[in-house]
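Q: take this sequence and fold it.
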Amino acid sequence: AVVSTQSTGIMIGPGTGLAPFRGFIQHRAAIVREGRECGENLLFFGCRHEKMDFIYEDELKEFEKEGIIQLYTAFSRDTDKKVYVQHLMEQEALKLWELLEKGAHVYVCGDAKKMARDVHKQLLDIIQEYGKMDKTEAETYVIGLENSFRYQKDVWS
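A: Down below sits the predicted model:
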């Protein structure tokens, strides 16, 4: 399915899961730089250590500075308390819910064993809480997102 450049993109890609999002963000940046309208772009990126593992840091921070993306970063080994992308999603839960209700697309890329499962669970929790749904209703909502190509995962183990 082709996504309108005016749709909001919520990208969740820790580590090398960032790779496919670079092209997406670069495309959106070109649109904005041409003066055309573009949807919001949120990137939830995580890695172990900011100083060692924050790939494309300069590029991402420049995109953030230009207003191309809203960048949320989690560095799981830089503090005593491990913080992962799903924790950042929890902090931005209301915003994510509101964007979903306005037609945002969610893309998850990276580790299938733990990250994708934890992100999926967090998404369900957000939908339950802010959509005032029970678990079954939230699962049905997510299936609707998947069926309309608004929740897509490119994950591996």
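Q: helix or strand with the lowest mean pLDDT in this protein?
A: Across the helices and strands of the chain, mean confidence by mean pLDDT, DSSP states H and E is lowest for helix 50-53: a mean of 92.
Q: in that one, which residues are buried?
A: Residues of helix 50-53 classed as buried by neighbour count (16 or more other C-beta atoms under 10 Å): residue 53. Bear in mind the C-beta positions are built from the backbone N, C-alpha and C, glycine included.
Q: strands along the protein, start to end?
A: All strands of the chain, identified by DSSP state E, fall at 9-12, 41-47, 70-75, 105-111, 151-156.
Q: check which helices and strands the shortest one sits against.
A: Spelled out, that is strand 9-12. In terms of contacts (3 or more C-beta pairs under 8 Å, 6 or more residues apart in numbering; DSSP states H and E), strand 9-12 is packed against helix 19-33, strand 41-47, strand 105-111.
Q: angle of the last one against strand 151-156?
A: Inter-element angle recorded for strand 105-111 and strand 151-156: 10 degrees (by axes from the mean of the first three to the mean of the last three C-alpha atoms, to 10 degrees).
Q: what are the pairing partners of strand 105-111, and which direction each?
A: In the sheet, strand 105-111 lines up against strand 9-12 (parallel), strand 151-156 (parallel) (DSSP bridges).
Q: could you dump the shortest one to PDB, C-alpha only?
A: Output of strand 9-12 as PDB, limited to C-alpha atoms (Å, rounded to 0.1, in the frame of the first residue of the first chain):
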ATOM      1  CA  GLY A   9       4.500   8.100  10.300                       C
ATOM      2  CA  ILE A  10       5.300   6.600  13.700                       C
ATOM      3  CA  MET A  11       8.600   4.700  13.300                       C
ATOM      4  CA  ILE A  12       9.900   2.400  16.000                       C
END
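Q: what's in contact with it?
A: The contact list for strand 9-12 (C-beta atoms under 8 Å, 6 or more residues apart in numbering) reads 3, 21, 24-25, 28, 39-44, 85, 89, 96, 99, 104-110, 119.
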